[in-house]
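In: coordinates only, sequence not included:
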């Protein structure tokens, strides 16, 4: 008789144990126990075969192949005892996905962004129910992330808003909240987050990406992309003088 002990879930690596006996639980020593599995080519065993000890016990280490998603597996073990094949099997689940990346630092930097006079001209490509068209209108953006004037970052500061009006068509993204932000020096700021669509064209939750690059003349090149899962999107690239309150920097910078 061959008994097999396999964990219900194997995450990358585990030890399988078992016992080989005959004639009313008499242990079989120094016997080879070989391992197979189905579906094949997802795990390896070391050793394979395993050798039973004086009590008929054996063990092997099973290693799941890297990048294996959750999968059901049947492990089969077999040994030949006095000319007869003894077999045992057990079901399990295996997984060995790569470790998820560490979460981004909530406040790697801080910034306060705005457009001079709270208005600039921009041409946006708009998709509404799959139909793209261009609109030229007045846009305004404000974004304050992790900002405080002192030598620190404040993670509770988290807001961005976009308003766009083109001949009566109003597209707003309000109550913006970051997923992650980033900066390069004191002239590049980025936001990836979510906002609520408002106006007479869009509604609901949108993913929003904002980037601004500020040159030596305090002119910002803005890139904005917003989209939802209903085939609606808004994208624009425009330049405008920055609001005098604009500040971008590391957390230890005092403004």
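Out: Happy to help now that I have it. Since this is a predicted model, take the numbers as computed values, not measurements.
In: Do a quick rundown of the strands in the stretch 1-150 of the chain.
Out: 2-5, 9-11, 13-22, 26-27, 32-38, 43-46, 50-51, 57-64, 68-81, 84-96, 110-114, 120-128, 131-145 (DSSP state E, counting those that start in this stretch).
In: can you redo these as a markdown table with mean neighbour count?
Out: Where you see a C-beta, it was placed from the backbone N, CA and C, and this is true even at glycine. Converted to a markdown table, those look like this (neighbours: other CB atoms under 10 Å):
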| stretch | mean neighbour count |
| --- | --- |
| strand 2-5 | 18 |
| strand 9-11 | 16 |
| strand 13-22 | 18 |
| strand 26-27 | 12 |
| strand 32-38 | 17 |
| strand 43-46 | 17 |
| strand 50-51 | 18 |
| strand 57-64 | 19 |
| strand 68-81 | 16 |
| strand 84-96 | 15 |
| strand 110-114 | 23 |
| strand 120-128 | 17 |
| strand 131-145 | 17 |
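In: Which among those is found nearest to residue 185?
Out: Nearest to residue 185, of all the strands of the stretch 1-150 of the chain, is strand 110-114, at 11.3 Å by CB to CB.
In: Mind checking the pLDDT average for that closest one?
Out: Averaging the model's pLDDT scores along strand 110-114 yields 98.
In: Next: stretch 128-145.
Out: 95.
In: now the strands of the stretch 1-150 of the chain as CSV including distance to residue 152?
Out: As requested, the strands of the stretch 1-150 of the chain are exported to CSV (distance: least, CB to CB, whole Å):
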stretch, distance to residue 152
strand 2-5, 55
strand 9-11, 40
strand 13-22, 43
strand 26-27, 68
strand 32-38, 55
strand 43-46, 50
strand 50-51, 59
strand 57-64, 44
strand 68-81, 42
strand 84-96, 41
strand 110-114, 9
strand 120-128, 31
strand 131-145, 14
